[in-house]
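Q: quick one, what's the 3D model for this:
(one chain, ligands or ions: 2)
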Amino acid sequence: MNLLFIGDIFASPGRRIVADHLEDIVATNSIDLVVANGENAAGGFGITPAIAEDLFALGIDVITTGNHVWDKREVYDYLGRQPRLIRPANYPKAPGGGVVTICSRSGIPCAVINLQGRTYMPPTDCPFRTADDILNRLDPAVKVRFVDFHAEVTSEKIAMGWYLDGRVSAVVGTHTHVPTADTRILPGGTAYQTDCGMTGPYRSVIGVETDLIIQRFLTSLPVRMESARAGAELHAVIIDVDEATGHARAVRRHAIDGD
Ligand SMILES: [Fe+2]
Ligand SMILES: [Fe+2]
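A: Ligands and ions are numbered 1, 2, ... in the order given. Next up, the predicted model:
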């Protein structure tokens, strides 16, 4: 089965390029399950229930998130009601869940797990031990297991890839908004890429208006963050998973230049 993962959808340019292309990507690549990171979907900062519903209506089956999921207060209750919107599982005491098991379009049970790194990130429980707990509790019949590891540093993400190699179908990183070119299948059968990259405006500094961020670096003063509008690109990873073993057969990056 083919699983599509879309990197951090950022503000309206990110939502628009997904709306314009998702149906075609799904049809062309025989996609069976669509997962997307939506932590920046609402103007770059968080996600609202209405935006989550819009993304589900476009054909996204599960929305993962990260540190920005807490930016919009109205999503806290919704996280408890909508199991297909998940947040990093290693937040110690937070609304919602960090793992969901759902059936793909062709009826294959799939687990989607969201974890967050601890280096240069808000303090949380250990993502490695949290992954162990989740996998120990998971129904062994659920072979297809996707992990969105939301983390800042490459070393922590690479370590997680090796730690989970052979135990999950794929580990794909998010949060840096910069796609990496290290797409591969690890020896145990886990597809891996350090960062999927942002789906949003690339004429920016990781989604935010360039001038504002340059001013911040020049002055060290706080600036009012404003999402950029131009240079929309979609960055995703497509993983072909052998549903009998849960191992990845193939993995490739899939990018679309929207401008
Ligand atoms: Fe992000
Ligand atoms: Fe993030």
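
Q: so P222 touches R216, yeah?
A: Yes: counting by C-beta atoms under 8 Å, P222 touches R216, with 7.3 Å between them. Every residue, glycine included, has its C-beta placed from N, CA and C.

Q: so for these two, which residue has more residues nearby?
A: R216 (15 against 7; other C-beta atoms under 10 Å).

Q: can you classify that one by secondary structure?
A: R216 falls in the helix class when you classify it by DSSP: H, G, I helix; E, B strand; the rest coil.

Q: was I right to think it contacts E226?
A: No: counting by C-beta under 8 Å, R216 sits too far from E226 to count as a contact (11.9 Å).

Q: tell me, what's touching the two both at once?
A: The contact sets of R216 and E226 do not overlap (C-beta atoms under 8 Å, 6 or more residues apart in numbering).

Q: contacts only, for T210.
A: Contacts of T210 (C-beta under 8 Å, 6+ apart): 203-204, 228.

Q: ramachandran angles for it?
A: phi -60, psi -50 (degrees, to the nearest 10).

Q: what does K93 give?
A: phi -150, psi 100.

Q: got it, and H254?
A: H254 adopts backbone torsions of phi -140, psi 120, taken as degrees, to the nearest 10.

Q: mind listing the residues bridging to it?
A: With DSSP bridges as the criterion, H254 is bridged to A236.

Q: I238 is in contact with that one, correct?
A: Yes: look at H254 against I238 with C-beta under 8 Å: they come within range, at 5.2 Å.

Q: surely V208 touches G44?
A: Yes: counting by C-beta under 8 Å, V208 touches G44, with 6.6 Å between them.

Q: re the thing from before, of the contacts of T210, closest to ligand 1?
A: Closest approach to ligand 1 among the contacts of T210 (C-beta to the ion): S204, at 12.4 Å.

Q: now the strands for the stretch 1-150 of the chain?
A: 2-6, 31-37, 62-64, 99-103, 109-116, 144-150 (DSSP state E, counting those that start in this stretch).

Q: present those as a markdown table; the columns should include mean neighbour count, mean pLDDT and distance to R137.
A: Shown next, in a markdown table, are the strands of the stretch 1-150 of the chain (neighbours: other C-beta atoms under 10 Å; pLDDT from 0 to 100; distance: least, C-beta to C-beta, whole Å):
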| stretch | mean neighbour count | mean pLDDT | distance to R137 |
| --- | --- | --- | --- |
| strand 2-6 | 25 | 98 | 22 |
| strand 31-37 | 25 | 98 | 20 |
| strand 62-64 | 28 | 98 | 18 |
| strand 99-103 | 17 | 98 | 9 |
| strand 109-116 | 25 | 98 | 10 |
| strand 144-150 | 27 | 98 | 12 |
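
Q: and these as JSON lines, adding distance to ligand 1?
A: Formatted as JSON lines, those follow (distance: least, C-beta to the ion, whole Å):
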{"stretch": "strand 2-6", "distance to ligand 1": "12"}
{"stretch": "strand 31-37", "distance to ligand 1": "7"}
{"stretch": "strand 62-64", "distance to ligand 1": "10"}
{"stretch": "strand 99-103", "distance to ligand 1": "20"}
{"stretch": "strand 109-116", "distance to ligand 1": "11"}
{"stretch": "strand 144-150", "distance to ligand 1": "8"}
